[in-house]
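J.: Mind folding the following:
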Amino acid sequence: MQKLPAIDLTTRVTAPNDPGLMRMARMDCDWHGENTRVLANMTHPSIEFLPAMVTGTPGMLDLAEAERPANEEWWLIFEGQNPQKLVSVLGKLLPFLARKGMRVLYYAFDEASRSMPCFRELAPYLNVLIHDESPLDSRSLTALPPSGLRIHRSWVANLLPFAAPYNEAPEPKILFLGSKLGLTEHRKKQIAYLHKRFGECFVAIHDHSVGVAERTTLNRYKVSVCPEGRKFGTSAMSATHTDRPFWSGCLGMVPVSEDSKQGGRLEHLAADGLLLRYPHGDLASLGAACEQALEMPNDKRKRIYEYYNRHETVGAVVADAIATQP
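T.: Below you'll find the model as predicted:
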């Protein structure tokens, strides 16, 4: 992790002379690096987590040859769509690791059961699958072991809990958190409306320009607006969201979340007052939710901060899932 910022990415992109592409490559590298950090620092009251072994594709041979002490339980954890990088060896590697007592957890996102070609090859060996789509693809579903644990939830905050201190007096401003989707017509309407209504109290990030290390500085704002993500327009993704509401809550901002067209996105959080939600594309409701968020008293915002840091980080979700396994 210490060496990560110095890694030369020019050999890993198709156009190293493109500054925009290099910037995206750096952010993606740092983002996946942060996933590694949070998974290597998991805690749970009923589990003693030992130092993690972090491996890429070349290190899988070392993992296969390693001997697990009898008093330890080993878990191989995949995230995102990284299993596809091992597509050439999964068929041999996973049965071998299973015979050695290795357990496998996969925290998937971006409709992996539909969009990741190797999913059905991985599926039979999954002790735990955490997925953002529902229902799962029917063909992929039949490949999963009946005894495996399946959890439907969003990809949450890849932050260490309480990485940012609680800001008692943030700027009374609204931060629009854009993404790779960029300035679509849908988002342009929301940005224009909020700028007209709130003036200098509105700040917009309309691309994917927030670096991992910069996120904690955003706790200077009181409210975040989290529009629908680029992969979340399908019915299978209607109940989940991008990670933005989750790390916004961890930073002490009040998340204002755009609902799906089907409705019911992040239902339990909205029902419990842990975020404010507005109907898909409804500008008047968006404005009203932002007003409510700006007026939220400190005790309620502190409750959001505490809850997200304790329950809505990647490490907490994965540790809880492992703890349920016999």
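
J.: would you list every one of the helices in the stretch 151-300 of the chain?
T.: Remark: helices assigned in the stretch 151-300 of the chain by DSSP state H, counting those that start in this stretch are 185-198, 244-250, 267-271, 283-294, 298-311.

J.: What are the contacting residues of the third one?
T.: In this case it means helix 267-271. For helix 267-271, the external contacting residues (C-beta atoms under 8 Å, 6 or more residues apart in numbering) are 239, 245, 257, 275-277. From N, CA and C alone the C-beta is placed, and that goes for glycine too.

J.: Farthest-apart pair in those residues, please.
T.: Across the contacts of helix 267-271, the longest distance by C-beta to C-beta is 17.2 Å; it joins 239 and 276.

J.: the more surrounded of these two?
T.: Neighbours per residue (other C-beta atoms under 10 Å) separate residue 239 from residue 276, with residue 276 holding more: 24 against 21.

J.: The more buried one and residue 24: what is the separation?
T.: Separation of residue 276 from residue 24 (C-beta to C-beta, to the nearest Å) stands at 30 Å.

J.: try residue 280
T.: Distance from residue 280 to residue 24, by C-beta to C-beta: 27 Å.

J.: on that earlier part again, how about the contacts of helix 267-271 in CSV, adding pLDDT and distance to residue 168?
T.: Output for the contacts of helix 267-271, formatted as CSV (pLDDT from 0 to 100; distance: C-beta to C-beta, whole Å):
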residue, pLDDT, distance to residue 168
239, 98, 33
245, 98, 22
257, 98, 24
275, 98, 20
276, 98, 20
277, 98, 25
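
J.: Now, these that are in strands?
T.: Those of the contacts of helix 267-271 mapping onto strands are 257, 276-277, per DSSP state E.

J.: which one of these sits closest to residue 290?
T.: Nearest to residue 290 among these: residue 276, at 8.1 Å, using C-beta to C-beta.

J.: I figured that closest one hits residue 253, correct?
T.: No - assessed by C-beta atoms under 8 Å, residue 276 is found out of contact with residue 253, at 11.1 Å.

J.: which helix is the longest one in the chain?
T.: Among the segments of the chain that qualify as a helix by DSSP state H, the longest is helix 19-39.

J.: so where is the stretch 51-200 of the chain shaky, pLDDT-wise?
T.: 180-182 (pLDDT under 70).

J.: One more pass at 80, please.
T.: 179-183 (pLDDT under 80).

J.: Tell me where it has strands.
T.: Using DSSP state E, counting those that start in this stretch, the strands of the stretch 51-200 of the chain run over residues 75-80, 103-108, 128-131, 149-152, 171-177.

J.: Take the ones you listed and write them to TSV, including distance to residue 40 and mean neighbour count.
T.: Compiled in TSV, these are given as follows (distance: least, C-beta to C-beta, whole Å; neighbours: other C-beta atoms under 10 Å):
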stretch	distance to residue 40	mean neighbour count
strand 75-80	10	19
strand 103-108	14	22
strand 128-131	18	23
strand 149-152	21	14
strand 171-177	26	20
